[in-house]
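Undergrad: Dropping a prediction and its sequence here:
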Amino acid sequence: MTTGADVAAPTGPLSLRQTMARYPYGQRITGWDPENPPEVERAFRVGYLIGASRCAERSLEFADAFENRIHRLRGKIYWGELDAGFDRWSDRRAAMLRGALQGGMEAVRARAQGVRKGLGPWLEELRIWAKEDPIRLAWSSAKPPEPPEPDNNPLMRHEVPKRLWGEVFGPLTMAGALNAPVTLVRQRSPFIQSKEQYDRLRAASLAKLRESIRAHKGEFTGLEELNQYEPDVQAVWREELAARAASVPGPVLVRVADVQPELVRWLWPGRIALGKLTLLCGDPGLGKSFVTLDLAARVSSGKCWPDSPLLPNLPGGVVLLSAEDDLADTIRPRLDAAGADAACVVALQAVRRLRIDGKTEEAYFDLTLDLPALEAAIQRTPNCKLVVIDPLTAYLGKTDSHKNAEVRAVLAKLFDLAARKKAAVLAVTHLNKAGGLPAIYRAMGSLAFVAAARAVWAVVRDENDETGRRRLFVPVKNNLGADDSGLAYTLESTGDVARVAWEATPVEMRADDALGGGQGAAAREDAKRFVVETLTANGGDMPSDELAEAATANSISERTFRRARKAVAEVYKEKGKGGQWRCRLKGGQPCTP
């Protein structure tokens, strides 16, 4: 049996060849397999209810014929009787047939055990289970309700059609006396009567699993399907496999030919990838948190991305970690202003830890200690697509953010979590004060932050904007996307709260240009000297366009020129209709037209 909360997008109809490759004959098809969409789970449950109802309320001879008919229908799907019209099929059809077969046989087994009066209430539980909306795919919810304990005498073997003996009594009981009663019909899980009993049985089951893993001396196969199981089962496997790997020195090799190629999955196409770490850096006060909440709003509500207004964006869940903004007076109002679906956004504010004295306490989240809590938060957030950490350095615990080795050790575990949960992690950080360096060296702390992230975006003030309100969202690096363009935005007021207003036109500028990276002090001083000398040669005042053209002719970049002009000169417009823009040295007087 498999479990999983993450569900893939619905698959289209499969050809018969694809069907046989995906579901070999005899393989159990379950509606709660993470490879299947929720529609398959719905079909499985409906089929299960149909099979159980018919075989519980009619004769066992009918159940025999019903089981035989379902087998024939499934056989036509698997073995390709195209003349019957099954040249194409859907996952839902196969799941419904399999559900009908399992539900019918479960009803027959319950009757053989001696369940009589309890069949009606059990069928009612199945009806509620089949109608569950929304469907929950955790095993505790997806597992069909168990039939009740027997309330009457069990059936003799001769009272059950012989063809059903193997299904009902199990193959090992078929050699017994024909008229012997069967008090235990096929081994089943214990009847759970309380949460405490379930916890004890679960703990015992995990202990047996741990012992069996330790006792196995060879290699394990099929580990790529580990994520189909429940988190506690996955944790046992990972702990034991990690302990085994640590005890065996030597290289860990992967043959590239054995690696199945995969396409990069995108949250924001070309900019933020699912299952990867993306870094957003910028100086304080430029609206980095506004940007992260705007993105969270788009994910939660399914609103289109700023540069893709026609591309559908399926909604998903968001987990927020914010160390600087209050949830009630800042985060929630900004999300509402951005159009978020607040029901899909979860804030992780603290973690509950067990102290030495046995008491619990709430503590600040720490990436070095509390990744299991973050994983649980992602697990509990339906279809979680985005995790925002703002700022990243606030959650590093005792890690020295300037030491590459320590930073990489923390980020490696975060990468693993993002990849397993297929969620994009967007972390915010500030810029350092080392002006003049390339943008890749401007992120606060160790270079490991930028090196480890698959994409890094910078928020920069647009120095060319006279209003001072325009911001640039530009790439520092993008290892996975081919688009090097950025975007621009402003913060617009919506009453008492501001929100991000994106511009549709791409910005063809990289962060190096926007931050002035790589210029060096000498280049900036040369540009200032050029502006002063050129204006002085023209009497301290000249048209702005002519000064800009002279700067370009002297191989001074537009950004360097504008920064130099701002430092030593000022721009003004001549009085009167049709006056042109001119530039003069600071402290000078404009010429009267």
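TA: Yes, it's here.
Undergrad: Please point out which parts of stretch 341-354 sit buried.
TA: 341, 344, 345, 346, 348, 351 (16 or more other Cβ atoms under 10 Å). C-beta here means a position set from N, CA and C on the backbone, and glycine is covered the same way.
Undergrad: Can you dump the C-alpha atoms of it in CSV for me?
TA: Presented in CSV, the C-alpha positions along stretch 341-354 are these (Å, rounded to 0.1, in the frame of the first residue of the first chain):
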residue,chain,number,x,y,z
ASP,A,341,-6.2,33.4,-0.9
ALA,A,342,-5.3,33.5,2.8
ALA,A,343,-6.6,30.0,3.4
CYS,A,344,-3.7,28.6,1.3
VAL,A,345,-1.0,30.5,3.2
VAL,A,346,0.5,29.2,6.4
ALA,A,347,3.0,31.1,8.7
LEU,A,348,5.5,29.0,10.6
GLN,A,349,6.1,31.2,13.6
ALA,A,350,7.8,28.8,16.1
VAL,A,351,8.5,25.2,16.9
ARG,A,352,7.5,23.2,19.9
ARG,A,353,10.4,21.4,21.6
LEU,A,354,10.6,18.9,24.4
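Undergrad: Spell out the residue ranges of the strands in the stretch 1-150 of the chain.
TA: 14-15, 88-89 (DSSP state E, counting those that start in this stretch).
Undergrad: Could you check how far residue 491 is from residue 374?
TA: Going from residue 491 to residue 374 by Cβ to Cβ, to the nearest Å gives 30 Å.
Undergrad: neighbour count winner among the two?
TA: Using other Cβ atoms under 10 Å as the criterion, residue 491 and residue 374 rank with residue 374 on top: 24 against 15.
Undergrad: residue contacts, the more buried one?
TA: Residue 374 makes contacts with 319, 321, 348, 365, 367, 387, 417, as judged by Cβ atoms under 8 Å, 6 or more residues apart in numbering.
Undergrad: now do residue 470
TA: 461, 462, 488, 489, 490 are the contacts of residue 470 under Cβ under 8 Å, 6+ apart.
Undergrad: Go again with 7 Å.
TA: Residues touching residue 470, when contacts are defined by Cβ atoms under 7 Å, 6 or more residues apart in numbering, comprise 462, 488, 490.
Undergrad: would you turn those into CSV with pLDDT and distance to residue 161?
TA: Converted to CSV, these look like this (pLDDT from 0 to 100; distance: Cβ to Cβ, whole Å):
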residue, pLDDT, distance to residue 161
462, 85, 80
488, 93, 75
490, 93, 76
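Undergrad: Give me the subset of these that lies in strands.
TA: The strands, defined by DSSP state E, take in 488, 490 from these.
Undergrad: Looking at the contacts of residue 470, spot the one nearest residue 430.
TA: residue 462 (18.9 Å; Cβ to Cβ).
Undergrad: still on that earlier bit, please flag which of the buried residues of stretch 341-354 sit within helices.
TA: Of those, none are assigned to helices by DSSP state H.
Undergrad: Of those residues, which belong to strands?
TA: Of the positions in the buried residues of stretch 341-354, 345, 346, 351 sit in strands, assigned by DSSP E.
Undergrad: where's the second one relative to residue 384, distance?
TA: Counting by Cβ to Cβ, the gap between residue 346 and residue 384 amounts to 8 Å.
Undergrad: And the last one, by the same measure?
TA: When Cβ to Cβ is the yardstick, residue 351 and residue 384 sit 17 Å from each other.
Undergrad: quick one, strands of the stretch 451-593 of the chain?
TA: Using DSSP E, counting those that start in this stretch, strands in the stretch 451-593 of the chain cover 455-461, 471-478, 487-493, 498-502, 541-543, 569-573, 581-585.
Undergrad: which residues does residue 365 contact?
TA: Shown in contact with residue 365 (Cβ under 7 Å, 6+ apart): 321, 348, 350, 351, 373, 395.
Undergrad: Report how many residues lie close to residue 575.
TA: By the criterion of other Cβ under 10 Å, residue 575 has 9 neighbours.
Undergrad: And it, how far from residue 499?
TA: For residue 575, the distance to residue 499 equals 39 Å [Cβ to Cβ].
Undergrad: Okay, residue 301 and residue 257: tell me how far apart.
TA: Residue 301 is 43 Å from residue 257, where distance means Cβ to Cβ.
Undergrad: again, but for residue 561
TA: Distance, residue 561 to residue 257, using Cβ to Cβ: 54 Å.
Undergrad: who has more neighbours, those two?
TA: Neighbours were counted for residue 561 and for residue 257 using other Cβ under 10 Å; residue 561 has more, 20 against 5.
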